[in-house]
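Visitor: this is a predicted model, with the sequence first.
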Amino acid sequence: KTIPTGFPKGFLWGGATAANQVEGAWNVDGKGLTTAEVVKRAADRQKLTMNAVTQESLQAAIADQTETLYPKRRGVDFYHHYKEDIALFAEMGFKAYRLSIAWARIFPKGDEATPNEAGLKFYDDVFAECHKYGIEPVVTISHYEMPLGLTLKQNGWASRATIANFTRYTEVLFKRYKGIVKYWLTFNEINASTWGFMGTGAVDSDLDAAAQTQLRYQALHHEFVASALAVQQCHQIDPAAKIGCMLARMQTYPNTPNPADVRAAQLQDQLNLFFTDVQVRGEYPEYMNRYFADNGVTLQLAPDDEAILKAGKVDYLSFSYYMSTVTSADDNIEKASGNLNMGGKNPYLKASDWGWQIDPVGLRLSLNEFWDRYRVPLFIVENGLGAADQLTADGKVHDEYRIDYLRLHIEQMKEAIKDGVDLMGYTTWGPIDLISASTSEMSKRYGFIYVDQDDDGQGSLKRIRKDSFDWYKKVIASNGEDL
Ligand code: BG6
């Protein structure tokens, strides 16, 4: 067999955003309040606050009808700028644009009998705008948000009842966008459900650690079932469409060659791959039985759940990749920051301004591991560098550090393709600056396009091409050859 020489024809180059981080327009055209819009911005840069929601903070957020403390309510006003933004994506030559639908635009409280037409219409328009330029929409059904109504009514995914609400929502989407959306993803970074509110929409900060763990794995189980049902629905309603899962990949290494560290890293890796094991293979892996027993977790399964998981295997595996960590048998090693917040520091790696350890080779390792384990097409739907970009006096942003980061990762993707991995696409995170998921800062920027807005929401919202804009355009035009 011949070894591939580069990126395949039709490779889906593009960028990825999430409704709650770009759209704004949080209370217009019938949209309901979402779980993402009741989390205050982080006072401390590196503190993850998405999960620190209490009944009290929730009530205060509902009473506060302003955007000041809740930047995800304003996003970067994509709702009113989508034509301009998609035109800029098209200028870079995007083949794909990953975006999410705000569930609360379609079902404002989550449990209405009929969907909100204005919400559906908005996405009709967005998809039409993408197609105008030959850009394929890749749509996340739930990206770190759900209608707050479902939290208030039944504590989000902690309740089995949420499965039916979700299934109703997905049925509406698949019917409405049949033949329009070819690529779907169910839950963004489904492993976030084991971290708390941002994944589960369930308030659990008043519970002790054991009860929290129990609640989160049960909520996750409901999401697995809901996702598998959505896969079946999608196949039935629009057989030409493909539907995938989405994992926050955490590549990890043993801290030392000490077998105890190697075993700790193996378990850590299993705890990351468990989600895709369920969604790609259609069943819980055995090692989780041991983990659940060790951690006092007892899952409540309905009689059909196992059959549903089996019948709802995804068509492809998508994932985000930003960084790697090290794992040790010793809890006291120095910790790194990051989107999972659990790993140790690696002396061989440099880190971003926010302390996320940069590791392009880790991406090649992950791609090979996924391919060996699952043999389904892979899609990198997030990768990128959050940096404190500065607008210079001449109105430019010289972000060569972002170009370096992306170049090194794309080189490793190419290596993985030569290794034999089936990689279908690459959408960088935040092609346009947006509100950070973890801290709600505006100043943590990922884009090729700068947005004139600060952490307090001040600014003209003007869109400005950064140096990386022209670079990415060249990368796409050369199908990844000119880096
Ligand atoms: C991923 C999320 O975890 O990382 C995105 O899917 C998020 O929503 C991205 O924005 C980067 O994280 P952050 O916290 O820098 O915005």
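Guide: Nice, thanks for sending it over.

Visitor: for the ligand, what are the nearby residues on the chain?
Guide: Proximity of the chain to the ligand, by C-beta under 6 Å from any ligand atom, involves residues 18, 21, 144, 188-189, 248, 320, 339, 382, 386, 429, 436-439, 444. C-betas here are computed from N, CA, C, even on glycine.

Visitor: switch the cut-off to 5 Å
Guide: Contact residues, the chain versus the ligand (C-beta under 5 Å from any ligand atom): 18, 189, 339, 386, 436-438.

Visitor: can I get those in JSON lines with distance to Ala61?
Guide: Below are the residues of the chain next to the ligand laid out as JSON lines (distance: C-beta to C-beta, whole Å):
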{"residue": "Ala18", "distance to Ala61": "19"}
{"residue": "Glu189", "distance to Ala61": "23"}
{"residue": "Asn339", "distance to Ala61": "23"}
{"residue": "Gly386", "distance to Ala61": "25"}
{"residue": "Ser436", "distance to Ala61": "18"}
{"residue": "Ala437", "distance to Ala61": "17"}
{"residue": "Ser438", "distance to Ala61": "17"}
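
Visitor: just to be sure, Phe319 is in a strand?
Guide: Yes. According to DSSP: H, G, I helix; E, B strand; the rest coil, Phe319 belongs to a strand.

Visitor: that one against Val381, yeah?
Guide: Yes. Counting by C-beta atoms under 8 Å, Phe319 touches Val381, with 6.9 Å between them.

Visitor: can you tell me the centre-most residue of the chain?
Guide: Compute the mean C-alpha point of the chain, and by C-alpha atoms, centre = their mean the closest residue is Asn188, 4.0 Å away.

Visitor: pretty sure it sits against Leu247.
Guide: No. Assessed by C-beta under 8 Å, Asn188 is found out of contact with Leu247, at 9.5 Å.

Visitor: follow-up on the earlier one: find the residues that touch each one of Phe319 and Val381.
Guide: Residues touching both Phe319 and Val381 (C-beta atoms under 8 Å, 6 or more residues apart in numbering): Met246.

Visitor: the two: who's more crowded?
Guide: Val381 (30 against 26; other C-beta atoms under 10 Å).

Visitor: chain center to the helix or strand containing that one, what's the gap?
Guide: Applying DSSP states H and E as the criterion places Val381 in strand 378-382. Distance of strand 378-382 from its chain centroid, counting by C-alpha atoms, centre = their mean, to the nearest Å, is 10 Å.

Visitor: what's the following helix or strand after that strand?
Guide: Proceeding N to C from strand 378-382, the next assigned helix or strand is helix 400-419, under DSSP H and E.

Visitor: could I get the CA-only coordinates of that following helix as CSV?
Guide: Taking C-alpha atoms only, helix 400-419 is exported to CSV below (Å, rounded to 0.1, in the frame of the first residue of the first chain):
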residue,chain,number,x,y,z
GLU,A,400,3.1,35.0,14.9
TYR,A,401,2.9,32.9,18.1
ARG,A,402,-0.5,31.7,17.0
ILE,A,403,0.8,30.9,13.5
ASP,A,404,3.7,28.9,15.2
TYR,A,405,1.2,27.0,17.4
LEU,A,406,-1.1,26.0,14.5
ARG,A,407,1.7,25.2,12.1
LEU,A,408,3.3,22.8,14.5
HIS,A,409,-0.1,21.0,15.1
ILE,A,410,-0.9,20.8,11.4
GLU,A,411,2.6,19.3,10.8
GLN,A,412,1.8,16.6,13.3
MET,A,413,-1.7,16.0,11.7
LYS,A,414,0.1,15.4,8.5
GLU,A,415,2.4,12.9,10.1
ALA,A,416,-0.6,11.1,11.6
ILE,A,417,-2.2,10.9,8.1
LYS,A,418,1.1,9.4,6.8
ASP,A,419,0.8,6.9,9.8
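
Visitor: run the angle between it and strand 378-382 for me.
Guide: 170 degrees (axes from the mean of the first three to the mean of the last three C-alpha atoms, to 10 degrees).

Visitor: what does helix 400-419 contact?
Guide: Here helix 400-419 makes contact (C-beta under 8 Å, 6+ apart) with 3-8, 321, 358, 360-361, 363-364, 367-368, 371, 380, 383-385, 387, 389, 423, 426, 428, 446, 466-468, 471-472, 475, 480, 483.

Visitor: again, but for stretch 53-67
Guide: Stretch 53-67 is contacted from outside by 26-27, 33, 37-40, 70, 73-74, 148, 151-152, 196-197, 203, 205-206, 457, using C-beta under 8 Å, 6+ apart.

Visitor: if we use 7 Å, what do you get?
Guide: The contact list for stretch 53-67 (C-beta atoms under 7 Å, 6 or more residues apart in numbering) reads 33, 38-39, 70, 73-74, 197, 203, 205-206, 457.

Visitor: farthest-apart pair in the residues you listed, please.
Guide: Asp206 and Gly457 (31.1 Å; C-beta to C-beta).

Visitor: more neighbours, the two?
Guide: Between Asp206 and Gly457, counted using other C-beta under 10 Å, Gly457 has the larger neighbour count: 16 against 10.

Visitor: quick one: residues contacting the closest residue to that one other than its chain neighbours.
Guide: Closest residue to Gly457 apart from its sequence neighbours, by C-beta to C-beta, 6 or more residues apart in numbering: Arg74 at 5.5 Å. By C-beta under 7 Å, 6+ apart, the contact list for Arg74 reads 24, 67, 457.

Visitor: ok, the second one to Ala61 distance?
Guide: Distance of Glu67 to Ala61, given as C-beta to C-beta, to the nearest Å: 11 Å.

Visitor: return the set of buried residues in stretch 464-481.
Guide: Counting neighbours by 16 or more other C-beta atoms under 10 Å, one finds that the buried residues in stretch 464-481 are 465-466, 468-469, 471-473, 475-476, 480.

Visitor: please enumerate the strands of this structure.
Guide: Applying DSSP state E to the chain gives strands spanning 12-16, 96-100, 136-142, 183-187, 242-248, 251-254, 316-320, 324-327, 378-382, 423-429, 449-451, 463-465.
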